[in-house]
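>>> sequence first, predicted coordinates after that:
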Amino acid sequence: MKVLTANRLIDGEAVWLAADHSWSETIAAAEVARDDASREKLERAGKAALLKNEVVDVNLIDVAMEDGEIVPLRLRERIRAAGPTTHPQFGKQARPRIAQAA
Amino acid sequence: MYRYDEFDHGFVTARVAEFRDQVERRLAGEITEDQFKPLRLMNGVYLQLHAYMLRIAVPYGTLNSRQMRMLAHIARTYDKGYGHFTTRQNIQFNWPALADIPAILNDLASVEMHAIQTSGNCIRNVTADHFAGAAADEVADPRPYAEILRQWSSVHPEFSYLPRKFKIAVTGAERDRAAIQVHDIGLHLKRNEAGELGFAVWVGGGQGRTPMIAKKIRDFLPERDLLSYVTAIMRVYNLHGRRDNKYKARIKILVHETGAEEFARQVEAEWEALRDSELKLPDADIRAIETYFAPPPLTARPEGDETVKLARLDSRSFGAWLERNVVSHRHPDYAAVTISLKGIGEAPGDATDVQMDAVADLAERYGFDEIRVSHEQNLILPHVARADLKIVHERLVEIGLATANAGLVTDIIACPGLDYCALANARSIPVAQDISRRFASAERQREVGELKLKISGCINACGHHHVGHIGILGVEKKGAELYQITLGGSADENTSIGEIVGRGFGPDEITDAIETLIDTYLGLRASREENFLQAYRRVGAQPFKDALYGQEAKAA
């Protein structure tokens, strides 16, 4: 399973592509690709967003579903999705309902 | 300290305007990311995991209170209330929006600061001994030469597109506190038999994935020849340095593959054609730059001895701080103070806006308006009257910066690691915090004595792990963090690269492993005076391997 992630051009905020083709600030809203066709769809949307200069550093990343939540496989991506483990008061984890990365 | 002249002001202001235009064009979609990335890097702007990161140059680690207050203002206004002081004596902000960066650079320019050449394949911020101008053991202040190098190297057209980044360090004392032997060029300011100033020139040191100790290619270079000789080195490197492989592009690889003797011969040949050119430094110019770094008016304050004596009797914590964080000054009534940014369990090198403002106040009131950033990620007040030490200590206690641990096991260097950095493979700061908490007891730290522990979250070695008495390198193995330990590294005048001790440890094991190493040292040291590094150099790695790996080590 994959989701598409990037950083927003104007402020660098980590974002994920949602089903409505908007860029969400939380991974929970990301559209999950479970087959090749939907993965290709995500990739096309990412390329388009890059060309429109909405985001930079676009990447497809591996995720799993755990208790109904999208969880990236790599620690790097879990930290991007939550915020620095050393500063729980900063990043997305400081917002309501976002678990810490590790 | 150095003050911008009209040219400097004009240059930095023009650069801010240029970058503002580039950012506006990028945000308007007129230039692509591929076109913009090299431009933003030349202005210190990186993209990290959570946001952009802005790295601001602190030339040779010297700041005044006005500049420190501006850093506090930036932390408060554009960031999240803190900054991270780095091993290149710079400061990084972790959360600025791209759209705000031109305004930040504008604010910086108003206090004679910038972010130029804090990234990219150019000559980076020149670092210097953080006790420069204050150290009792120094021949002369190395910072005038660092400033000359800064002026010469800023947007130098010939050296703006080198094969790879290039780092220069300068020290003015025999005791090397600037790690010059792990720099692309290390300059050791000294006097020859005739009493003239000049440099021993070291080339080809560095850390990263291929750590190497620099080779001394000249024992004495007269000061007037500084720029012509460094230019000769840069030309040989620019011509022959490898551009085909990023990992072999640093000058250390060229020096290694060419051989130090042959490399020196090529430099000398190049220099012959340059030494009498316009690069020869007129004595008047050197002395003019020197006046900017003239020592402050250190009036006699002989009451310091008595004040310090009474304060020691009055407070144990003052005594402990005096012992660890205060070093002697060339003026007997003064001292240089290390402000530890390594509070127990804190992120090494981080300071809040409130702390930055408070340090600025202290520098202004008690420190002749001077602050230094050390490559060990601490702050320094280089000129404090001994008579004022007690009040400075009290004020530091109030702002949580009085930890008496300079040079001890909890004075850890750590890179930002995977908590922030896009290049990292493993986290560094949590490892540092956990070790710091394990050794929180001041008594235990004193018992262990001098120990340099350095942590990097990837092989690029920003945390200087190769030269830690104990070094820790975080790697990613099968999707998990793993920490390799190196032992016996050092970055002083007897530089050595640490050796990997054996298999790595998981995040839950690494602090125990460090404790095992330290307990092993305590068990085998010849005396309390023999520090960890000296003991390691005497007995070698085996007792430490045995302690870490037991039977496994013997079988291997």
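Good, I have the coordinates.

>>> for whichever residue of the stretch 401-550 of chain B sits closest to chain A, which non-adjacent residue is spatially closest?
Ranking the residues of the stretch 401-550 of chain B by distance to chain A (CB to the nearest CB) places residue B:419 first, at 3.8 Å. Where you see a C-beta, it was placed from the backbone N, CA and C, and this is true even at glycine. Leaving aside its sequence neighbours, residue B:419 sits nearest to residue A:84 (CB to CB, 6 or more residues apart in numbering or on different chains; 3.8 Å).

>>> and residue B:68, by the same measure?
Per CB to CB, 6+ apart, closest to residue B:68 is residue B:360, 4.0 Å.

>>> which SSE is the one you found in?
helix B:353-366 (DSSP states H and E).

>>> what does that helix contact?
B:64-66, B:68-69, B:71-73, B:75-76, B:81-83, B:339, B:351, B:369-371, B:379, B:381, B:384-385, B:388, B:391-392, B:395-396, B:398-401 (CB atoms under 8 Å, 6 or more residues apart in numbering or on different chains).

>>> just the C-alphas of stretch A:48-59, formatted as PDB.
Presented in PDB, the C-alpha positions along stretch A:48-59 are these (Å, rounded to 0.1, in the frame of the first residue of the first chain):
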ATOM      1  CA  ALA A  48       0.700  17.600 -12.100                       C
ATOM      2  CA  ALA A  49       1.000  19.200  -8.600                       C
ATOM      3  CA  LEU A  50       4.700  19.600  -9.100                       C
ATOM      4  CA  LEU A  51       4.200  21.300 -12.500                       C
ATOM      5  CA  LYS A  52       1.600  23.600 -10.800                       C
ATOM      6  CA  ASN A  53       4.300  24.500  -8.200                       C
ATOM      7  CA  GLU A  54       2.100  23.600  -5.300                       C
ATOM      8  CA  VAL A  55       4.500  21.200  -3.800                       C
ATOM      9  CA  VAL A  56       8.100  19.900  -4.000                       C
ATOM     10  CA  ASP A  57       9.900  16.600  -3.200                       C
ATOM     11  CA  VAL A  58       7.000  14.400  -4.200                       C
ATOM     12  CA  ASN A  59       7.400  10.700  -3.200                       C
END
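
>>> buried sites along it?
A:49-50, A:53-56, A:58 (16 or more other CB atoms under 10 Å in any protein chain shown).

>>> and the residues you listed near chain B, which?
Near chain B, judged by CB under 8 Å from any CB of the partner chain, the entries from the buried residues of stretch A:48-59 are A:50, A:53, A:56.

>>> thinking again about what came up before, from the contacts of helix B:353-366, list just the buried residues.
B:64-65, B:68-69, B:71-73, B:75-76, B:82-83, B:339, B:351, B:369-371, B:379, B:381, B:384-385, B:388, B:392, B:395-396, B:399, B:401.

>>> give me the next element, helix or strand, following the lengthiest helix in chain B.
The residue-count maximum for a helix in chain B (DSSP state H) belongs to helix B:6-27. Remark: after helix B:6-27, the chain's next helix or strand is helix B:33-41, criterion DSSP H and E.

>>> what sits up against that next one?
Under CB under 8 Å, 6+ apart, the answer for helix B:33-41 is A:9, A:50, A:53, A:56, B:19, B:22-23, B:26, B:46, B:98, B:119-120.

>>> sorry, back to before: restricted to helices, list the buried ones among the contacts of helix B:353-366.
B:65, B:68-69, B:71-73, B:75-76, B:392, B:395-396.

>>> looking at those residues, which is nearest chain A?
residue B:75 (12.5 Å).

>>> residues contacting residue 53?
You didn't say which chain, so I picked chain A. A:9, B:26-27, B:29, B:32-33.

>>> my question was about chain B
Counted by CB under 8 Å, 6+ apart, residue B:53 has contacts B:45-47, B:92-94, B:96, B:420.

>>> strands - which of these land there?
B:45-47, B:92-93 (DSSP state E).
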